[in-house]
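A.B. asks: only geometry, no sequence info:
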């Protein structure tokens, strides 16, 4: 072979090598994007919170990350659920077997008055909604918003079936000012 043919073959092999590298990079990007979509579709969830019912814990505009595979909750956990087509974050107040009552004196669980340090408003009944006291059955939780005076929560729609929750809140990212 003469040098002109060698130069053409060499340029073709370089071009083919670059093409393979670009194709390999694109396949990596597609694989990573697919993994992220699968993870945030089936394992984790994220949404922008658009409500003031959980002030000061969760504010309007915050990003809420939650774990979808959690199916048991404890008191004080934050959960994500749907109510009337809108995603909500609410605090678990009571679990299966507990008796929840709201009287003039405030919130009682199993006859014990509750002192909630992160709640700055008195817990009161709404004029309409659930009749108290309410005993939670197996697989149910009772949830309240931290801003007790203006939250749509279990005082309105009753006990929530655990199977109807979307997951447990893992972290909240403040978005204000971005």
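C.D. replies: Yep, it's here. Everything numeric in this text was worked out from a predicted model, so none of it was measured.

A.B. asks: in this protein, which spans are strands?
C.D. replies: 44-48, 63-67, 78-83, 86-94, 99-103, 106-109, 112-113, 134-135, 140-144, 160-161, 165-173 (DSSP state E).

A.B. asks: what bits of the protein have low per-residue confidence?
C.D. replies: Applying pLDDT under 70 to the chain flags the ranges 1-12, 14, 176-178.

A.B. asks: who does the residue nearest the centre of the chain bridge with?
C.D. replies: Centroid-nearest residue in the chain, with CA atoms, centre = their mean: residue 66, separated by 3.5 Å. On the basis of DSSP bridges, residue 66 is bridged to residue 45, residue 169.

A.B. asks: For stretch 150-166, measure first residue to last.
C.D. replies: 22 Å (CA to CA, to the nearest Å).

A.B. asks: same check, this time on stretch 130-147
C.D. replies: Start-to-end, stretch 130-147 (CA to CA) is 18 Å.

A.B. asks: Next, count neighbours for the residue lying closest to residue 144 once chain neighbours are set aside.
C.D. replies: Excluding its sequence neighbours, the residue lying closest to residue 144 (CB to CB, 6 or more residues apart in numbering) is residue 153, at 4.7 Å. (Each C-beta comes from the backbone N, C-alpha and C, glycine too.) Using other CB atoms under 10 Å, residue 153 has 26 other residues around it.

A.B. asks: Residue 146 too?
C.D. replies: 22.

A.B. asks: before we move on, what about the one 5 residues further on?
C.D. replies: Using other CB under 10 Å, residue 151 is surrounded by 23 other residues.

A.B. asks: One more: residue 109?
C.D. replies: For residue 109, the neighbour count with other CB under 10 Å is 18.

A.B. asks: thought it was touching residue 98?
C.D. replies: Yes. With contacts counted by CB atoms under 8 Å, residue 109 reaches residue 98, the gap being 5.5 Å.

A.B. asks: is it true that the residue nearest to residue 144 touches residue 81?
C.D. replies: No. Using CB under 8 Å, residue 153 is not in contact with residue 81, being 9.8 Å away.
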